[in-house]
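Engineer: Sequence below, structure please.
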Amino acid sequence: KEKLGSQWYQRRVPITAGIVRVGIVNCVGSFILFLGKFLVVLVVLALGYFMMSKDETLYFWAIPVLIACIFAFAVAHTFFSVYEIGIDAIFICFCEDETKNDGTPGREYYMSKNLMQWVDNSSEAIANLRRKKKQQKAQSKSKSKSTSDNVTMEDM
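Structural biologist: Predicted coordinates for the structure are as follows:
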């Protein structure tokens with residue numbers, strides 16, 4: 001007979017087990033969606049500039065273009081937020097599938113092969129990035145140590 005606390009823990013493990021992966025996918029997804037919003041605002045800005053600057057009757061075209069850009073950002077934010085919710089839901093399902101199933105017959109993955117490969121490649125790229133940062137830190141420490149050794153040798 002299982003205790004109530006262990007059932008609660010078992011339900012929470014899938015979400016907390018891949019917390020780093022969730023954070024990375026969330027950050028990358030948010031950045032890409034921000035670039036999409038920025039692109040929408042840039043397109044509206046360019047179109048507004050070309051449309052308004054050619055009109056001889058307008059004395060000051062910047063304010064209407066700025067207002068159009070603000071509204072464009074608000075609309076783009078609304079649409080991209082719905083898309084971001086979809087990305088998050090798919091990724092939570094991916095994490096749940098990864099913890100419940102192991103790919104053996106009878107416990108096959110429900111996720112697509114492309115999604116599995118993309119997440120695995122992302123994890124490998126992040127691991128390589130961390131390894132490079134550690135190597136750079138180690139090299140910088142060894143360089144600073146060697147320069148301090150050289151200074152003490154020169155002082156003698």
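Engineer: Show me the helices in the protein, by range?
Structural biologist: 4-17, 19-53, 62-100, 113-155 (DSSP state H).
Engineer: So which residue is smack in the middle of the protein?
Structural biologist: Closest to where the C-alpha atoms of the chain average out (Cα atoms, centre = their mean) is Val28, at 1.4 Å.
Engineer: Just name the shakiest helix or strand of the protein by mean pLDDT.
Structural biologist: helix 4-17 (a mean of 54; mean pLDDT, DSSP states H and E).
Engineer: buried set for stretch 72-87?
Structural biologist: Going by neighbour count (16 or more other Cβ atoms under 10 Å), the buried part of stretch 72-87 is Ala72, Ala76, His77, Phe80, Glu84, Ile87. (Glycine included, C-beta is placed from N, CA and C.)
Engineer: from those, which is closest to Arg131?
Structural biologist: Ile87 (27.4 Å; Cβ to Cβ).
Engineer: wait, what's in contact with the nearest residue to the closest one once chain neighbours are set aside?
Structural biologist: For Ile87, ignoring the flanking residues on the chain, the nearest one in space by Cβ to Cβ, 6 or more residues apart in numbering is Gly29 at 5.0 Å. Going by Cβ atoms under 8 Å, 6 or more residues apart in numbering, Gly29 touches Glu84, Ile87, Asp88.
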